[in-house]
Structure formats: C-alpha cells, structure tokens
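# A structural model of the following input is requested.
(chains A and B)
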Amino acid sequence: MTGTDFQPSAPILKVSGLWMKFGGVTALRDVSYEVPEKVIQAVIGPNGAGKTTLFNCISGMLGPSEGSITFLGQAIGGIAPHRIAVAGVARTFQHVALFKKMSVLENVMMGRHPRTGSGFLAAGLRLPGMRSEEKLIRSRALEYLEFAGLAGCAGVESGTLPLGKQKILEIARALATEPRLILLDEPAGGLNMKETEDLGELIQGIKKLGVTVMLVEHDMNLIMDISDRVLVLHYGEVLASGAPAEIKENGAVVEAYLGAEDEE
Amino acid sequence: MGRKNWLIMLGAAIFIGVFPWLVMPFKAVSHYVDVMVFAGIFSLVCIGLSLLMGYAGQISLAQAAFFGIGAYTSGILTSKFGVNPWLAMGGGTVVCATVAWVVGVPSLRLKGHYLAMATLGFGVIVNIIFAEEVNWTGGPSGMIDIPYLRMFGRKITSDLAWYYLVWGIVFLVLIFCFHVLHSRVGRALRAIHEDERAAESVGVPTAGFKVRVFMLSAVLASIAGSLYTHYVTCLNPSSFNLMWSIRFVLMVMVGGMQSLWGALVGTVLMTFVGNEWLQVFAELEILAYGAILLVVALFLPGGIVSIGGFRRKRRQSALEGAGT
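Okay, the predicted model is just below:
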C-alpha cells in the first residue's frame, strides 16, 4: 500500500526482447512491452500463448533465455523469486497454491514475511522486539483479510475453504507482501458469476490502493469490465495491445481466437 | 508455544524430575539414571535432527560427525589447553555452525536429497580424521583424562547431578525450539514444507532457511557432544561413526518426525533398546535396527507419537498458538 503520488504514464515494468525457450519449444518470442503504473493490465491469448510463462519470468520462477525485465528501474530478470517478492512483485498461481494446513490468518501472516525480520535467535529467545513484531504481523494480516472480505474465517484451515475463497485468500496473501505490482494468474478460473463479480470489485479495490495489477484471464466479460489495457499474446509473440475496446475490434485478435478454439 | 505443549512439557518435567527416585532404590534398575543421561544427551542431537527432517524435509547422515566435532573440540581444548569447559563448548558450536554452513550451502540449493549424500561423505571423512590425527585426537585408542565440568566452583561427577544438568538443558532447548516453531521463522519453515514455490513467492528464501535449520541441528549436536565428552571423560572415534548417524535418524523416525516430542520419545526408547535390551543380539544388532526401521516405516510412518491422535491434537494446539 504505497503513497498517493499519481503518475499514470511512468512504466512500472518494462520487458524488452524477452525470449523463453524450453529445449526446442519457444514459449516467448522477442516480447517487448511496458506496463504503466497503477493500471489494470490484462494479458490474454489462446492456451499456450505464453501468458503464464511471462508471469513466471517476471516473478522469477523462470530465468528468461534472453532479454531483460526491469521493475521500477531495477533489472529483475533471472534473480531468485524471493528477492523479486521483496522488490515488490507479488503473484498468485493458476492452480491455487495455499499453505493448506495453515489457518487462513496464518496464510496472510506468511505474506508479511518480506516486510519483517526476526530470525531464529530472536524467535527462540522470545525477545521483546520479536513479540511486538509478531503482534504487528497479526494485526496487519487481519487488515488484509478484512480488505478481502475473509475476516470471518480467519481461524479456518485454509485447505478446507471452497475454491472461490481460496482464490481470494491467495490474493490477500499476495497483497500482504505490500507489492507495487501484483500478478494474478486466472483468478476467475473455476468461479461462478457472483464470485467473479466480487473478484472484479476486489481487483478494482487493489488498483485504488495504488497497486498495479497484471491479470491473465480467459473471462472476457471480466477483462472488458475492469481492465485499462490489454496485451494479446499469440504463439509467444505480442499480437496486439491497447484499450479493451480497441482489442475487441482488432481483426487479428478476433481471428486468432476464432482460428484457435472457442475459449469462452 | 500453545497451552497443550506447555501441559505436555509440565508432565514430562515431573516425570523426569521423579524418575531417578523411582529407580534408584532398586539395584537392578538403578543404573537407568546413567542410561537416561545418555538419552538426554542424544535427545539434543535428535531434537535438531527432527527440525531438519520434519520441517526442512532433509536427512543428515552427519549428525554423529557434528556430535564428534563438538566432543573432540571440547576434549582437546580443555585437556590440552586448559580452556574453560563452557567456553570450549561454545567453541565447538562455532566450529559446527561454520562447517554446516560450508556443507549445507551447496547441497541445499539443489532440490532433492543431496544433503543426505553430502553429509554421508562428510561424516565418513570426519570419522577418518578422528582416527588418523593421532597427535590431537589420540587416534583409534582415543583420548582419556578429560576434565569434569564445573559449575559454581564444584566438579559435576555424580550421575544424579549429570542427570539433572543434561535434562535441564534438554528442556531449555525444547522451549527454544517450540518458540522458533511458533514464530515468523516457524511459519516460514512450515510453509516451505507445504509448498516451496508459494513460500518463495511471498519472499521466503527457502534455501537460506534450510541452511539455517541444518546449522541449528549441527549446533545442538555439538552441545550434546561437549556434554558427552565431560560425562564419559574419554573419547573414541567409534562413538561418532556412520552407524551412530543412522541411529540418530532411526530415533527420530521411531518417535515421529514431525513432532519434537516424537524426537524425545524415540530417543529415550531407542537408547534403552540399544543400551539395555538389544545387547543380546550382539553382532546382529544392525539387523534388529533394520527390522525396527522397516516396521516403523511400513506400519507407523508418523512414529510413536502418532498413536492415539497425538499429532492431530498437536496441530490443533499449533492453531491455538497462532491465536485463532
């Protein structure tokens, strides 16, 4: 949750000449793109277009074969995921990756990890600094749960939540790391209409906090409703980009979707 | 650390407190106090190992080597250089932490059981050093005349004094470790255990945490080694060989990997089994150990403490500990 100085034009993320090859398969082919700060940036494309691969490169889960990724002026291509989290990029996963045996609250408390510092000795000896930090972790985590509308199930074992709530919880956990950029990988996947609507509101709320949102999604209605900009990937290449209304009218995009398979 | 764990600890402390007075009047079992001193010393090793196995998901086959490094550091510094035993014990922990870091950093960056491989080799090398550096360690015939520990200006010599000293340290270490587990660090360790990718995504340096748990386990083994040295006042390389490393792993597995209480129960039980009841097997002892390991792995993967829903209770108390 950052300051309020508003500069919509400054790019928060700059990807240039990005290639990702797995053996003989090229998942990303010379992708260059800039994401301005404090927008909702959708990334769409048919299955296998390289959307998740792009997220994996940005969040450090994959080291790109070639090209650079610059976040807030800092080169982050190929550095460890936990460092990228500390730098201010958070993410969720296409298949929910919660700490299932931990409570809902503990999951969000995990999100406070990069913003806190007590180690083994402080914990083992229960030093006063560690105790007050622990209280702060808990109260901040509760704030994020409140924000996501999950405060009611703080004590529940997270693995027992219904899928819709698990997806929201994952977002709350990511937000608790205080990111400047959050990557949401198919957050609406498996959600019903009501849940998807709530999700849309939550994402817009995240934008209002001043956090830039990147969103991989197949639900076109959601994308047209909430996103400011859309990037279309096709076979690992940038096919088009622009405002949602422009993309809707773009002949190449329509062809790529109709020519591939009916996603919706 | 949760009310249930405190209650269990209170119960355990009362049992440990009265145990000597129950066995000492009976000649046939009065030496159980001595066995329990060893069990307490080994418990320190196994508490560290259970953190490593249960939370970092890694096996170390060098715990006997760290135990030995602590023992020989104490033995050499106190008997050859007249260093204060408590200072020497501190020296041993520094050596072990450093060595664990050097072994751990390269092998824990890789996914999979590379630590087991690395520590297997490392443990064997250390044991060879103990046996070959005759000038320092006395070689295969070992070291003798190691001074006793002193506390408040008195030598600690009686079994009973040792018993209470060792078990006092065991309880302090247990409290330390429970506190670690119920903290930011412990949550991170549980997160690593559940989903490494997700842990990394919220900023947990997974490799770094595994290295630190390994270092902690080495430090605890080193403290145990120093206590052992001053208790038996003589050292021999065969107390620190691969067989002992395997025994420590076995103790943790028998008790239950994912509970510190499991490490304690397993260690006490296996120490009695090894010192008292398996002697009849003599050369076939290793077969008996193999059979125990097989039975536990097949029929009781959660160890002894998993009998009767102990683990479920523990998980509940972990939740309560998080204030939910």
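# Only C-alpha atoms from now on, for both contacts and neighbour counts.
OK.
# Next up, the contacts around the residue nearest to residue A:103 when sequence neighbours are not counted.
Excluding the flanking residues, the one nearest residue A:103 by Cα to Cα, 6 or more residues apart in numbering or on different chains is residue A:157, at 4.2 Å. Residues near residue A:157 by Cα atoms under 8 Å, 6 or more residues apart in numbering or on different chains: A:100-104.
# how close does residue A:157 get to residue B:200?
21 Å (Cα to Cα, to the nearest Å).
# what's the answer for residue B:40, then?
For residue B:40, the distance to residue B:200 equals 36 Å [Cα to Cα].
# out of those two, which sits in the more crowded spot?
Relative neighbour count places residue B:40 above the other of residue B:40 and residue B:200, with 28 against 24, counting by other Cα atoms under 10 Å in any protein chain shown.
# same for the helix or strand where the more buried one lies, what does it pack against?
Residue B:40 belongs to helix B:32-55 when assigned by DSSP states H and E. Contacts defined by 3 or more Cα pairs under 8 Å, 6 or more residues apart in numbering or on different chains; DSSP states H and E place helix B:32-55 against helix B:3-23, helix B:63-81, helix B:159-181, helix B:184-194, helix B:206-232, helix B:242-255, helix B:260-272.
# That one vs helix B:184-194, what angle?
Helix B:32-55 runs at 70 degrees relative to helix B:184-194, counting by axes from the mean of the first three to the mean of the last three Cα atoms, to 10 degrees.
# what is the rounded mean pLDDT of stretch B:171-181?
Across stretch B:171-181, the average pLDDT comes to 95.
# same question but for stretch B:107-120, I mixed them up
Here stretch B:107-120 scores 85 as its mean pLDDT.
# next one: stretch A:66-78
Across stretch A:66-78, the average pLDDT comes to 94.
# With stretch A:113-120 instead?
91.
# and it, does that touch chain B?
Yes - on the criterion Cα under 8 Å from any Cα of the partner chain, stretch A:113-120 is in touch with chain B at A:113-114, A:118-120.
# So which of the residues you listed wins on neighbours?
Highest neighbour count within these, by other Cα under 10 Å: residue A:113, with 23 neighbours.
# Now do the contacts for that one.
Applying Cα under 8 Å, 6+ apart to residue A:113 gives the contacts A:177, B:184, B:188, B:202-204.
# tell me the phi and psi of it?
Dihedral pair for residue A:113: phi -50, psi -50, per degrees, to the nearest 10.
# burial count for the residue in the stretch 101-250 of chain A positioned nearest to chain B?
Distances between the stretch 101-250 of chain A and chain B by Cα to the nearest Cα are smallest at residue A:124, namely 4.3 Å. By other Cα under 10 Å, the residues close to residue A:124 number 22.
# Isn't it up against residue B:178?
Yes - here residue A:124 reaches residue B:178: they are 7.5 Å apart, a contact under Cα atoms under 8 Å.
# buried ones in stretch B:95-108?
By neighbour count on 16 or more other Cα atoms under 10 Å in any protein chain shown, the buried set for stretch B:95-108 is B:95-97, B:99-101, B:103-105, B:107-108.
# Out of these, the closest to residue A:246 would be?
Residue A:246 has its nearest neighbour among these in residue B:108, at 49.6 Å by Cα to Cα.
# Contacts only, for that closest one.
Going by Cα under 8 Å, 6+ apart, residue B:108 touches B:114-115, B:207, B:210-211.
# Give me the angle between the helix or strand where it lies and helix B:206-232.
Here residue B:108, judged by DSSP H and E, is contained in helix B:85-109. Between the axes of helix B:85-109 and helix B:206-232, defined by the same axes, to 10 degrees, the angle is 150 degrees.
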